[in-house]
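1. Predicted model and sequence follow; I will ask about them next.
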Amino acid sequence: MRDDESLALDPARTPQTAPPTARTTAPVTAAEPVPDTGSGLVPATGPTAAPARDRTGTAPALAPAAGLAGNPWLRRLVVAGLVLAALNLRPGITSLGALLKEVRDGLGMSGTMAGLLTSVPSACFALFGFAAPRLARRHGPGAVICVGMAAITAGLALRPLAGNTAVFLALSALALGGIAVSNVLMPVIVKRYFPDRVGAMTGLYSMALSLGTALAAAVTVPMTHAMGHGWRLGLGVWAALAAVAVVPWLALVRDRTGAPPATGARKDAAAVNTDAARKSDAARAADGGHGRITGSRTAWALACFFGLQATAAYITMGWMPQIFRDAGLSAGKAGLLLAVTMVMGVPLSFVLPPLAARMRAQGPLVVLLGAFGLVGYAGLWAAPAAAPWVWALLLGIANCAFPLALTMIGMRSRTGAGVVRLSAFAQSTGYLISIPGPILVGTLNQASGGWGLPIAFMIALMVPQIVCGVLAGRRRHIEDEL
């Protein structure tokens, strides 16, 4: 998908502006933005122009779709689908981190291959993140998420049966592809069904996502030991939760509540708005459409900041339990420590965005989170077993650079269309940047025979992350740089 291509979930064509005579009676609709790959904190946009915004850059709430408002059972079904889907967006990753040693031993996996395995999420998020909006336009977001949940179920159920590393990687990629497309389209579902409660529903599914992450990290090892059938069953059991999540989406595959208006209505609207074509150049200029977004230094700073914080997050999810286990801690305790790190995202995802939105520049928050990361990594390097709960807590706070990055994306453009372009560029580029980090950690661990050099690499990465975050947090707009 091009970086300036808007997301419209109707397979026919992008909705046009409604005629003036219909504005008092037609329900208000908005084209869904290209969503983020994580928590969906990108502001909503309109189909032709950005709506009026308050001082924090937040668009006013829209009325819920009439069909949904008159069907409370449908609304409950969508809520159930959102929560169940969000619970399944990370267990496939964090459960593997908790059992990585057993998987490596069972498949004869080298440190470099294990690092490649921990980089697969970033690669899938970048690859399938490009494809998800196009698939949603063709088939509808509900259908794509339903297939995504089915892919997660199949991948998690089949990968424990793999007899070699290549098959295990391929089946992991299947599950992660389902995670990626579902992750990308969650904000679209929120915007489509709950335009009047975007903040509350985003918070709900973000909390469910963090809860699923922490739950898998905490219970995978003790559950594996309790079942007594080794790592294969311990990983495969999470397919059952994904299978449950398929059920509500089966009922939402063909639902079109809140979808763009019918094709005929759009044609009528286009007929009475012939002056829109004459104003297109001016509109594109106002939206930052003249000039590629790659010409913006702020966009590149945001992409690098997003990529470096994603690198730290996936290194943490993939390798931190192994670091604690090699320091002498039990597998169960290492999993609990990862759960502590992940669960910090639940409260801070609600606190950081509004705090950042009230600040003229977000650099101080970037520096503060980076300082927590530096201290946490330093403790992990010097004495991982001395105060593991402290190191896990500090790194959990540092990993909350993710919601901060999403908030800055929403603040670095004057228009809704600009936010869409910036979000697509910063996140897709950022996930590509994050791919090599976990691989290098595995390679350095294998080459050095310990964790001193890999953790020193993690510490070194925090410095450019802070620098890029400070640059991205300045009060700038990409339209001024294109």
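-> Okay, I see it.

2. how about the strands of the stretch 251-400 of the chain, start to end?
-> Assignment of strands within the stretch 251-400 of the chain using DSSP state E, counting those that start in this stretch yields no ranges at all.

3. pLDDT below threshold where in it?
-> Counting by pLDDT under 70, the low-confidence segments of the stretch 251-400 of the chain come to 255-291.

4. repeat that for 50
-> The model of the stretch 251-400 of the chain has pLDDT under 50 over residues 260-289.

5. Tell me where it has helices.
-> Listed in chain order, the helices found in the stretch 251-400 of the chain under DSSP state H, counting those that start in this stretch are 263-271, 275-278, 280-286, 297-326, 331-343, 345-357, 363-382, 388-398.

6. Which positions in the fourth one come out as buried?
-> For helix 297-326, the neighbour count (16 or more other C-beta atoms under 10 Å) marks 298-325 as buried. Placement of C-beta: from N, CA and C, glycine included.

7. by how many degrees do that helix and helix 331-343 diverge?
-> With axes from the mean of the first three to the mean of the last three C-alpha atoms, to 10 degrees as the basis, helix 297-326 and helix 331-343 are set at 160 degrees to each other.

8. Any idea how far helix 297-326 is from the middle of the chain?
-> 13 Å (C-alpha atoms, centre = their mean, to the nearest Å).

9. So what angle separates the directions of it and helix 388-398?
-> Here helix 297-326 points in a direction 160 degrees away from that of helix 388-398 (the same axes, to 10 degrees).

10. outside of stretch 294-304, which residues touch it?
-> Taking contacts as C-beta atoms under 8 Å, 6 or more residues apart in numbering, the residues outside stretch 294-304 that touch it are 3, 293, 405, 408-409, 412, 422, 425-426, 429-430, 433, 464, 468-469, 471-472, 474, 476-478, 481-482.

11. what does stretch 95-109 give?
-> Residues from elsewhere that reach stretch 95-109, judged by C-beta under 8 Å, 6+ apart: 114, 117-118, 162, 164-165, 168, 172, 216-217, 220-221, 224, 230-232, 234-235, 238, 317-322, 325, 331, 334-335, 338.

12. Could you identify the buried members of these?
-> For these, burial is judged from neighbour counts taken by 16+ other C-beta under 10 Å, and it is met by 114, 117-118, 162, 165, 168, 172, 216-217, 220-221, 224, 231-232, 234-235, 238, 317-322, 325, 331, 334-335, 338.

13. how close does residue 375 get to residue 445?
-> From residue 375 across to residue 445, the span is 22 Å (C-beta to C-beta, to the nearest Å).

14. So for those two, which residue has more residues nearby?
-> When residue 375 and residue 445 are compared for neighbours, residue 445 comes out ahead with 24 against 16, by other C-beta atoms under 10 Å.

15. Where does that one fall, secondary structure wise?
-> If you go by DSSP states H and E, residue 445 is part of helix 436-448.

16. Enumerate the positions of stretch 425-442 that are buried.
-> Buried positions in stretch 425-442, judged by neighbour count with 16+ other C-beta under 10 Å: 425-435, 437-442.

17. any idea of the mean pLDDT in that stretch?
-> In this model, stretch 425-442 has an average pLDDT of 86.

18. First-to-last residue distance for it?
-> In terms of C-alpha to C-alpha, to the nearest Å, the two terminal residues of stretch 425-442 are separated by 28 Å.

19. what do you get for stretch 349-366?
-> End-to-end span of stretch 349-366 (C-alpha to C-alpha): 14 Å.

20. Give the buried residues for it.
-> Taking 16+ other C-beta under 10 Å as the basis for neighbour counts, the residues of stretch 349-366 that come out buried are 349, 350, 352, 353, 356, 357, 361, 362, 363, 365, 366.

21. could you dump those residues to CSV with distance to residue 418?
-> Formatted as CSV, the buried residues of stretch 349-366 follow (distance: C-beta to C-beta, whole Å):
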residue, distance to residue 418
349, 24
350, 26
352, 22
353, 19
356, 18
357, 17
361, 19
362, 18
363, 21
365, 22
366, 22
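
22. Show me which of those is closest to residue 206.
-> Using C-beta to C-beta, residue 349 is the member of the buried residues of stretch 349-366 that lies nearest residue 206, at 5.0 Å.

23. Could you double-check that the closest one lies in contact with residue 206?
-> Yes: counting by C-beta atoms under 8 Å, a contact exists between residue 349 and residue 206, whose distance comes to 5.0 Å.

24. How about the secondary structure of residue 196?
-> Under DSSP: H, G, I helix; E, B strand; the rest coil, the three-state class of residue 196 is coil.

25. got a pLDDT number for it?
-> Among the per-residue scores, residue 196 holds a pLDDT of 74.
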